Every structure is written in C-alpha cells, then in structure tokens.
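[1] The following comprises the amino acid sequence and a computationally predicted model.
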Amino acid sequence: MTRSSIVSFLLGVVVAAVIYEATGLRVTGGHAPEAMASKPPVSGAARPAGVAPRPAPAPVPGAPTSDTGQVAGLRAEASDAKARAAFAEQQLEAVEGRAIPWPANVAPQFKKEAVEQQLKEFVVDRGLATIKSMDCSEYPCVEVLQLTDTGPDAPKQFRAALGEMVKRYYGGNVLLSIQGSRTERGSNTVSLAGVGVVPNEDDVKARARHRAQQALDEHGH
C-alpha cells in the first residue's frame, strides 16, 4: 500500500466514524439507512383519564439543536479529520523521505563502480563481509553486506574498516550510515548490515536510512 493510499484510508475511516458519532446513523456504502418511522402520538381523547401527558425528552447537552447546527458540527469534525490525515502524511514522509535524484555533478567516489571497488578493498578482500546487494537507483548508493564472522568482535572490526574507507576516499561532510540485522536460520546466525556513505543533509540521510532498512527487510526474509 502506498503512502497516499494509507493516508486516504485513514481519512475515510475517521470521517465515517465522525458521521456515525454525530448522527447515530451507520454509514454503509456511502448512504445512511432510512430512519424507522415514528409511531403517531396518542391524541388527548385516546389518553386514559387521569394520566398526564408524557414530558418531551430533555435535549442532550452539546448536541446540535437544528439541522444547520448538525451540518456545521460535521464540517468542523471533517476539517479536524483532514488535519489529522495531513499530520499522518507528514509522519510517513519523515520516515520514508523523498526520492533523491542523482546530482549532475556528483563526486566520482559516490558512483556505483567506485563504491563497489572501495568495499572490495576495505571489507571483502579482508574477509570481513560479502556484498549481498547494491542499490544505486537513487543518490547515494546503499548496500547490504553479510558479515563473515558473527562473533562479538565482528561488528567492531567491520565498522573500523568502513571508517578507514570513508577517511581514505570521502573527506569531510559525509556520514557513515550502518544498520544491523541478525537472523537465526536453523543452527546458523546471519548477520547483515545496511551501509551507505551519506552526505550530511537531513533529507538525504532520512531517505538513505529508509532504503537501507527496506533492503535489510528483504534479505531477512
């Protein structure tokens, strides 16, 4: 389900609940069922002698006193539901981020061939991990690597090697993003890492983290 469909679904559920709570009518397929016809009031002549007329029910505090007031109340609730839907969309946006296109003048060390060579030099050739996948469909590339060793010192050695790689090839104003995942497969433990060398920009960082987590989830199943 896409972000827009999630938000649309939430908005529909909230608005339907508002209509039901405000009117007491259950909404089915966009239409409220017709209300049951009320019984005609008993005339004065038919009322038994000595029985006082039944008093009219007291108004419910806060309830609309007219159709106009009810419509105004529904409009206010619908406006509030839209605001909540917009907030939900912002929350999803913060998690997923927006797709980042490749800059026209991107530095060569960020390109796929260069990243693959860097990982080979500092991680693969040292026997620390193997490359499971590389996603360069957006900027920057994000990789999933499987650690060769699953012992307690393996993540530290892996991170240190990547730190050397960043220092050697990238210089300042970048961050090394690493997200870990461990999965038990029978008697074996699979340790994965989602990796990216990311420019120190909030939108790029958020998007790269989301992409790395997606890739880890795919490999973890």
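    Yep, that arrived.
[2] Flag the shaky bits of this protein, pLDDT-wise.
    Residue ranges of the chain with pLDDT under 70: 1-67, 83-95, 221.
[3] got the residue ranges for the strands in it?
    Taking DSSP state E, the strands of the chain run over residues 129-135, 142-147, 174-185, 188-199.
[4] Could you spell out the sheet neighbours of the first one, each with its direction?
    Yep, that's strand 129-135 we're talking about. Partners of strand 129-135 in the sheet, by DSSP bridges, are strand 142-147 (antiparallel).
[5] orientation of the strand it pairs with relative to strand 188-199 in degrees?
    For strand 142-147 against strand 188-199, the angle by axes from the mean of the first three to the mean of the last three C-alpha atoms, to 10 degrees is 150 degrees.
[6] which outside residues touch strand 142-147?
    Strand 142-147 is contacted by residues 115, 119, 123, 128-135, 154-155, 158, 190-196, 208, 211-212, 215-216, 219 when judged by C-beta atoms under 8 Å, 6 or more residues apart in numbering. (Glycine included, C-beta is placed from N, CA and C.)
[7] Just the buried residues from those residues, in PyMOL please.
    In PyMOL, selecting the buried portion of the contacts of strand 142-147, with burial taken from 16 or more other C-beta atoms under 10 Å, looks like this:
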select buried, resi 115+119+123+128+129+131+132+134+135+155+158+191+192+193+194+195+196+208+211+212+215+216+219
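[8] Tell me if I'm right that residue 119 and residue 165 touch.
    Yes. Look at residue 119 against residue 165 with C-beta atoms under 8 Å: they come within range, at 7.4 Å.
[9] and residue 101, what are its phi and psi?
    Dihedral pair for residue 101: phi -70, psi 160, per degrees, to the nearest 10.
[10] and it, how many neighbours?
    Neighbour count for residue 101, taken as other C-beta atoms under 10 Å: 8.
[11] show me what contacts the residue nearest to it when sequence neighbours are not counted?
    Of all residues not flanking residue 101 in the chain, residue 139 sits nearest, at 6.5 Å (C-beta to C-beta, 6 or more residues apart in numbering). When contacts are counted by C-beta under 8 Å, 6+ apart, residue 139 touches 100, 101, 102, 103, 106, 110, 204.
[12] how does it look with 10 Å?
    By C-beta atoms under 10 Å, 6 or more residues apart in numbering, the residues touching residue 139 are 99-103, 106, 110-111, 198-199, 204, 207-208.
[13] go on, residue 205?
    By C-beta under 10 Å, 6+ apart, the contact set of residue 205 is 97, 175, 177, 196, 198, 199.
[14] then stretch 120-139 to CSV, C-alphas only?
    Extracted in CSV, the C-alpha atoms of stretch 120-139 (Å, rounded to 0.1, in the frame of the first residue of the first chain):
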residue,chain,number,x,y,z
LYS,A,120,36.1,-4.8,-2.1
GLU,A,121,39.4,-3.1,-1.0
PHE,A,122,38.5,-2.5,2.7
VAL,A,123,35.9,-5.2,3.5
VAL,A,124,35.6,-8.0,1.0
ASP,A,125,39.4,-8.6,0.4
ARG,A,126,39.9,-8.5,4.2
GLY,A,127,37.4,-11.3,4.7
LEU,A,128,35.1,-9.2,6.8
ALA,A,129,32.0,-9.4,4.7
THR,A,130,30.5,-10.1,1.3
ILE,A,131,28.3,-7.8,-0.8
LYS,A,132,24.7,-9.1,-1.0
SER,A,133,23.2,-6.2,-3.0
MET,A,134,23.8,-2.6,-4.1
ASP,A,135,21.0,-0.1,-4.7
CYS,A,136,22.1,2.8,-6.8
SER,A,137,18.7,3.7,-8.2
GLU,A,138,18.8,6.8,-6.0
TYR,A,139,21.6,9.0,-4.6
